[in-house]
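[1] coordinates only, sequence not included:
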């Protein structure tokens, strides 16, 4: 059986690479999560918020109960640090709601 000579180099080239899924021209292009504000200070604030607000607000609106795992910015901050740290702009969401319902709302501009 013939050996694949082109497969090995392609695998080595792609090994360890992570794909960034960022819209070109986005405010966050080329920035790490820490550069966007999601640092240790955020982790502490996030944990405090989730302890005080442990349930997903989107699930609650439809009569379901689900544990929240994400602190979402109701109005996307897009780098505005005042809006980023405004706790009145935070809501607790479960992962599925944040990754589907909230993202769909933002895609159509209904934040």
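    All right, it came through fine. All values reported here derive from a predicted model rather than from experimental measurement.
[2] beyond the helix or strand of the chain with the lowest mean pLDDT, next helix or strand please.
    The helix or strand of the chain with the poorest confidence is helix 7-14; it has a mean of 50 (mean pLDDT, DSSP states H and E). Remark: after helix 7-14, the chain's next helix or strand is helix 40-52, criterion DSSP states H and E.
[3] and the next helix or strand past that following helix?
    In the C-terminal direction, the helix or strand that comes right after helix 40-52 (DSSP H and E) is helix 57-61.
[4] what does the helix or strand following that next one contact?
    Downstream of helix 57-61, the next assigned helix or strand under DSSP H and E is strand 70-73. Under the criterion CB atoms under 8 Å, 6 or more residues apart in numbering, residues 45-46, 49-50, 83-84, 89-95, 98, 102 lie in contact with strand 70-73. Where you see a C-beta, it was placed from the backbone N, CA and C, and this is true even at glycine.
[5] if any of those are buried, give me the ChimeraX selection for them.
    Only the buried entries of the contacts of strand 70-73 go into this ChimeraX selection, using 16 or more other CB atoms under 10 Å:
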select :46,49,50,84,89,90,91,92,93,94,98,102
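[6] poorly predicted segments of the protein, please.
    1-29, 31, 33, 35-37, 110-111 (pLDDT under 70).
[7] how about a cut-off of 90?
    Counting by pLDDT under 90, the chain contains low-confidence residues at 1-39, 76-81, 100-111.
[8] that's a helix at residue 79, yeah?
    No - the secondary structure assignment for residue 79 gives coil rather than a helix, going by DSSP: H, G, I helix; E, B strand; the rest coil.
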